[in-house]
Each structure stands twice: as C-alpha cells, then as structure tokens.
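Novice: Coordinates for the following, if possible.
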Amino acid sequence: MEADTLVSIVALLISILALFVSIYFNAKDHIRRRKQATIEYFEDITSKLYNLQAKFNIKLSQLDIEMNKLDTDSELLKDATEVLAAFERLCVGINTHIFDINILDRMAGSYLIMMYERFNPYIEKIRTDSTRVNSYREFECVVNKIKQKRKIST
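Specialist: Next up, the predicted model:
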C-alpha cells in the first residue's frame, strides 16, 4: 500500500470520526436548548400570570372555579381565558416536542395538575358547545401524560 493511499484512508477515518462527534454534540446541545427553552418559557408565563392567579385565589378562596362566578364576572372570565390560553400554548410546545415534558414535570407537574383540575368544571362546560369540543385538549393531554408518568414511577 502506498503512503498516499494510507494517508487518504487515515484522513477519511478522521473525517468520519469528526462527523460522528459533531453529530453527537449537536444532538446534546439541541436537548440542552429544549430544556432551557422549557424553563424560560414557563418562567415567563408564570410571571405574567402571577397577578391573575392571585385574583383567583382571592375571589374564589382557592376553591374549584365555580361556573356561576365565571358566568357573572366578565373580568374573572377574561382572566380565566388568559390563564388557560397560556397553559394551552405551553402544552402545544410540549406535545410538539419543542419543550421538554420531563423538565416541565420536574418544575411544575403538580402545579399543572392542580390548575387543570381547578379549571376542569369550566373546561367541561365550554366543551358542551359544539364549536369548542376540543378546547384545552393540549393542556389536558399534558396533564394526563404527567399523571401517567407519575403513576408508572411510583
């Protein structure tokens, strides 16, 4: 075997190795960025929703959302819709693998379950409207995934 051929083979092997190393570290970086984006997005929406949630706690004494209060208080209804829309957007990100469900579960799984259960009577009521049967399905799906993960791990 000539020296030129041997050098070419070694260079090819080094190039292939470099390609695989690059792919590996690129994948690792992508996973890290997904986790980071999940944390940042959740922090952003919760800071924006803090005052709205405080209003719910005061007006509803931290009980389940009562339908008659949402029906009679347009400001509370607007706030409820804003909170649910924010969680729905977060959950679309989870369900489309933009965000990381494991990080979300570790950060706020119990909180999301509690919020879904709190709003469930309202969600079920609006789903009786034939044009809104799929309202907040993404949120429901993520909550069910978190519950399932926790059921399996315990």
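
Novice: For the protein, give me the ranges with low pLDDT.
Specialist: 1, 56-57, 59-68, 152-154 (pLDDT under 70).

Novice: Give me the neighbour count for residue 79.
Specialist: Residue 79 is flanked by 19 other residues according to other Cβ atoms under 10 Å. Yep, even glycine has a C-beta here, placed from its N, CA and C like the rest.

Novice: That one reaches residue 50, doesn't it?
Specialist: No: applying Cβ atoms under 8 Å as the test, residue 79 and residue 50 come out as separate, 11.9 Å apart.

Novice: So which elements touch the longest helix belonging to the chain?
Specialist: In the chain, with assignment by DSSP state H, the single longest helix is helix 3-60. Packing partners of helix 3-60 (3 or more Cβ pairs under 8 Å, 6 or more residues apart in numbering; DSSP states H and E): helix 74-95, helix 101-126.

Novice: Next, the angle helix 101-126 makes with that helix.
Specialist: 40 degrees (axes from the mean of the first three to the mean of the last three Cα atoms, to 10 degrees).

Novice: okay, the angle between helix 3-60 and helix 74-95?
Specialist: Orientation check (the same axes, to 10 degrees): helix 3-60 against helix 74-95 gives 160 degrees.

Novice: so how far is helix 3-60 from its chain's centroid?
Specialist: 15 Å (Cα atoms, centre = their mean, to the nearest Å).

Novice: what does stretch 142-154 give?
Specialist: For stretch 142-154, the distance to the chain centre is 14 Å (Cα atoms, centre = their mean).

Novice: Could you pull out the buried residues of it?
Specialist: Neighbour-count burial for stretch 142-154, with 16 or more other Cβ atoms under 10 Å as criterion, is recorded at 142, 143, 145, 146.

Novice: before we move on, what about stretch 131-144?
Specialist: Using 16+ other Cβ under 10 Å as the burial criterion, the residues of stretch 131-144 that qualify are 135, 136, 138, 139, 140, 142, 143.

Novice: which stretch of helix or strand covers the fifth one?
Specialist: Think residue 140. Using DSSP states H and E, residue 140 maps to helix 137-153.

Novice: Run through the neighbouring helices and strands of that helix.
Specialist: helix 74-95, helix 101-126.
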